[in-house]
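S.K.: my questions are about this predicted structure, shown below with the sequence.
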Number of protein chains: 2
Amino acid sequence: MTDIKAKIIKQVAPDLEQVEKALEENLDPNLDLVRRIASHLLFSGGKRLRPLLMIHSARICGYDTGFEILFSTIFEYLHAATLLHDDVVDEADMRRGKKAAHTKWSAPKVVLTGDFLLARALAIAAKTREPRVISVIANITQAMSQGEIDQLEKKGQKDLSEAQYLEIIERKTAVLIQGACQSGAIISNADQEKENALASYGYHLGLAFQMADDLLDYTATAKELGKNPGADMREGKLTLPLIHSLSNAGDEERKWMHQVIADPVFDQGRFEELKEKLLTLGGIAYTQERAKDHVDKAKASLGIFEDSESKTLLQLIADYSIERKV
Amino acid sequence: MTDIKAKIIKQVAPDLEQVEKALEENLDPNLDLVRRIASHLLFSGGKRLRPLLMIHSARICGYDTGFEILFSTIFEYLHAATLLHDDVVDEADMRRGKKAAHTKWSAPKVVLTGDFLLARALAIAAKTREPRVISVIANITQAMSQGEIDQLEKKGQKDLSEAQYLEIIERKTAVLIQGACQSGAIISNADQEKENALASYGYHLGLAFQMADDLLDYTATAKELGKNPGADMREGKLTLPLIHSLSNAGDEERKWMHQVIADPVFDQGRFEELKEKLLTLGGIAYTQERAKDHVDKAKASLGIFEDSESKTLLQLIADYSIERKV
C-alpha cells in the first residue's frame, strides 16, 4: 500500500464504518429481490469516495451534527443508481471485480433497481430540508443522462477532440463528485465563497479521477482493475491517451491505430502494440500531466480554508486520485 | 363526446393550454435527440390528468399564485419518465396510439431519456421549496420501481389474488395520482386534514382509473385504445376482470381459460370467446362495481371542502375515470 493510501485509510476508517452501516440501514426495500440486486453492486468493495467527500466537505465548513453520515449516503445511492443504468447501457460484463448486475438479472430489473436507488437518494435528500441539494441532484441526473446519450451517439466515431472528451467526462464523473462536495457546503449553510470553492475542488478532482481511470484502462492489469483492460477501446470509447496520441501520429500510424480501434475482434498482441504507441506518441504522459494539473487546481481551491483534519484529508484524496492503481 | 367529458374539457381548456406551454418550455434539454425522444411520448395526446389534478388540488385549498401551472409539470414529467422505463420493461410496441419510443430508439437511450425527465421533475420540485414534495416523489418512485419488479416476478403466474392485484395497481397507478393531489395541498400549505383528504381522493381515483384501464383492455376496440386490446393477457398480466372470473369458473372453464392465457400464440377468435366468459362469469361487472366503489370513495373524500369550481371539476374527473372509452 502506498503512503498516501495508508494515511487516508487511517483517517477515514471510523467514517467508513458508519457509512457502511448507514448504507445497509437506509436501503430499506420492500422486496428481497431489490435488496439482492442493489446489494450486489452496493456492497462489493466500492471506495465510498463520494460519501467521504461530502462528509469532509461538510466538516471543513464546520458542520458537526453527525447527520453528515446519513446525508452522505445520498451520493453513494445516486452513484450506484447511475452505475446500474450505465451497465445496462454499456453492456459491460464486469463491475468492481464482479459480474455486472444485468448479466445476473434481466436488464429491466436492473434499470428498475436503479430507479429505486435514485428514489432512496431523494428520500434522504428531502431530510436535509435543503431544496438546493435537490437542485444539485437534478443537475447531476440531467447532465449524466444526457452525457451518456451523447456518448452513445459518439460511439465508434473515429475522431473526438480533447474538448469533446472533456465535456463527456465532466458529465460522466465530475458533476457527481462536484455535487457531493457542494452539498457538503449546502447542508453546512456555508457562505457562497466556501460553496464555490468546494464545488471547484470536486469538479477538478472529478476530472482528474476520470482521467486516471482512463489511463488505468491502458496501464493496469486485469487483476488490478477488476475487469479486463482495454474495455473503453472495445466499447468504441475514445479517451484522452488515445485522442492525444492520434493527434501526434503520422498518417500511417494513425491509419493503423484506427484499424485496431475499429476491429470488432480483440487481439491481445495488437492491444499491447497499441499501448506501446500510446507511450511513444505521448498520450500516456500528456494525460498524466493534464490529470496532475486538475489535482493542483483541486488543491488550490481549498486555499481559502483554514487548516483542519478534513482539509488535509481532501488534499490527500486529490493526490491519491492520480496515484491509485485501482 | 359524453356530457361529463364535454363539461371537463370546457372547464380545463385554459389550464390545459398553459400546461402544454409549460411542458414545452421547461423540457429544456441540451441535446436535440433527448428532445425528440422525450417529445415523442410527451406530446402525443396525453390527457394531462396528473397536472390537472395537482392544479385543482392546489386551487381547492385556496392556492392562487399561478405557480401551480409550473409545479404541475412535475407530475407529467414524472409520469412520462415512468412510462419510458415501463415500455422498455414491458416491451410494449404501442403507447398513446404511437409506436413506443424503444421501437424507434435503442432501449438504453429511452431509459436515459426517462432519467432526464425524472431530473426535470426534480429540478422543478426543488423550486417549490417544499422538501415534502420531494418525499412524495421519492415515495412514488420507490413504490413504482418495486411494483414493476414485483409484477415482472409475477408475470405468467397462473393465479393472482384480488389483494395482490390491488397491491400491484396501487403501486403502478394510484401512488402517482395520490402524490399529485397531495402535492397540490402541500404547496398550498393546507392543513393536515385537507392534505389527507386530497391524498385519499387521489388514491381512490387512481385505483378506479386503473381498474377502468384494465376493463378497457377487454372491452374497447383497437381504435379506441390506440393499441391492440388483450395486451395485458398477452404480457401474462392477470387483471381483475380475469381474476374474478377465474374465481367463479368451474374446473373445466378455469382450465380452458388458463390455456388461453398461457398460449404464446394470440388467437383473435379465442380472445373473443374469453371476453364472453368474462361477461358471463361476472368479471366485467364485478370490476365495474369495484371501480364505482372507489369513485364514490374518492368523491366522499372531497366532502370537507366547500363548494368551488375546482371541487366540481375533481368530482367530474372521478365520474369520468370509469366512464371513459380511452
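M.R.: Arrived safely. Numbering: from 1, shown residues only, chains lettered A, B, ... in the order given.
S.K.: okay, and for chain A, where does confidence drop off?
M.R.: A:1, A:89-98, A:326 (pLDDT under 70).
S.K.: what about 90?
M.R.: Applying pLDDT under 90 to chain A flags the ranges A:1-2, A:28-32, A:41, A:43-46, A:64, A:85-108, A:148-159, A:220-237, A:261-268, A:324-326.
S.K.: gap between the residue positioned nearest the centre of it and residue B:61?
M.R.: The residue lying closest to the centre of chain A (CA atoms, centre = their mean) is residue A:173, at 4.6 Å. Separation of residue A:173 from residue B:61 (CB to CB, to the nearest Å): 43 Å. (Glycine included, C-beta is placed from N, CA and C.)
S.K.: just the element for the residue with the largest distance to the centre of chain A, please.
M.R.: Ranked by distance from the centre of chain A (CA atoms, centre = their mean), the top residue is residue A:252, with 35.0 Å. Using DSSP states H and E, residue A:252 sits in helix A:251-262.
S.K.: do residue A:64 as well
M.R.: Short version: residue A:64 belongs to no helix or strand, going by DSSP H and E.
S.K.: ok, how many other residues are close to it?
M.R.: Neighbours of residue A:64 under the rule other CB atoms under 10 Å in any protein chain shown: 10.
S.K.: what does the one 4 residues further on give?
M.R.: Burial measure for residue A:68: 23 neighbouring residues, criterion other CB under 10 Å.
S.K.: cool, the one 10 residues further on as well?
M.R.: Neighbour count of residue A:78, defined by other CB under 10 Å: 26.
S.K.: for it, give its distance to residue B:263.
M.R.: Taken as CB to CB, the span from residue A:78 to residue B:263 is 43 Å.
S.K.: give the buried residues for whatever helix or strand comes next after the helix holding residue A:252.
M.R.: Under the assignment DSSP H and E, the closest C-terminal helix or strand after helix A:251-262 is helix A:268-280. Neighbour-count burial for helix A:268-280 flags A:271, A:274-275, A:277-278 (criterion: 16 or more other CB atoms under 10 Å in any protein chain shown).
S.K.: same check on stretch A:295-315?
M.R.: A:295, A:297-299, A:301-302, A:305, A:310-315.
S.K.: got a list of what residue A:81 touches?
M.R.: A:114-115, A:117-118, A:121 (CB atoms under 8 Å, 6 or more residues apart in numbering or on different chains).
S.K.: my error: substitute residue A:188 in the last question.
M.R.: A:58, A:61-63.
S.K.: about what we covered before: chain B next: which of the contacts of residue A:81 are close?
M.R.: A:115, A:118 (CB under 8 Å from any CB of the partner chain).
S.K.: counting neighbours, which of the contacts of residue A:81 comes out on top?
M.R.: Of those, with other CB under 10 Å as the count, residue A:117 tops at 30 neighbours.
S.K.: so where do the helices sit in the stretch 101-250 of chain A?
M.R.: Along the stretch 101-250 of chain A, the segments classed as helices by DSSP state H, counting those that start in this stretch run A:101-104, A:107-127, A:131-154, A:162-169, A:175-187, A:192-219, A:222-225, A:231-234, A:240-248.
S.K.: figure out which of those helices is closest to residue B:216.
M.R.: helix A:107-127 (24.4 Å; CB to CB).
S.K.: so that closest one versus helix B:107-127, what angle?
M.R.: 10 degrees (axes from the mean of the first three to the mean of the last three CA atoms, to 10 degrees).
S.K.: which strands or helices does helix A:107-127 pack on?
M.R.: Packed against helix A:107-127 by the contact rule (3 or more CB pairs under 8 Å, 6 or more residues apart in numbering or on different chains; DSSP states H and E) you find helix A:3-27, helix A:32-42, helix A:68-90, helix A:101-104, helix A:131-154, helix B:68-90, helix B:107-127, helix B:131-154.
S.K.: picking that back up, name all residues that make contact with the residue nearest to the centre of chain A.
M.R.: Contacts of residue A:173 (CB under 8 Å, 6+ apart): A:206-207, A:209-210, A:213.
S.K.: out of those, which is nearest to residue B:200?
M.R.: For the contacts of residue A:173, the nearest to residue B:200 is residue A:206 (45.2 Å; CB to CB).
S.K.: neighbours of the residue nearest to residue A:120 when sequence neighbours are not counted, how many?
M.R.: Of all residues not flanking residue A:120 in the chain, residue A:77 sits nearest, at 4.8 Å (CB to CB, 6 or more residues apart in numbering or on different chains). Neighbour count for residue A:77, taken as other CB under 10 Å: 27.
S.K.: so residue A:77 sits against residue A:117, correct?
M.R.: Yes: counting by CB atoms under 8 Å, residue A:77 touches residue A:117, with 4.7 Å between them.
S.K.: the residue of the stretch 201-326 of chain A found nearest chain B - how many residues pack around it?
M.R.: Per CB to the nearest CB, residue A:235 is where the stretch 201-326 of chain A lies closest to chain B, at 12.3 Å. Using other CB under 10 Å, residue A:235 is surrounded by 13 other residues.
S.K.: quick one: contacts for the residue nearest to residue A:42 when sequence neighbours are not counted?
M.R.: Nearest non-adjacent residue to residue A:42, counting by CB to CB, 6+ apart: residue A:80, 5.2 Å away. Listed by CB under 8 Å, 6+ apart, the contact set of residue A:80 reads A:38, A:41-42, A:46, A:114, A:117.
S.K.: go with 10 Å
M.R.: The neighbours of residue A:80, taking CB atoms under 10 Å, 6 or more residues apart in numbering or on different chains as the test, are A:23, A:27, A:38-43, A:46, A:50, A:101, A:113-114, A:117-118, A:120-121.
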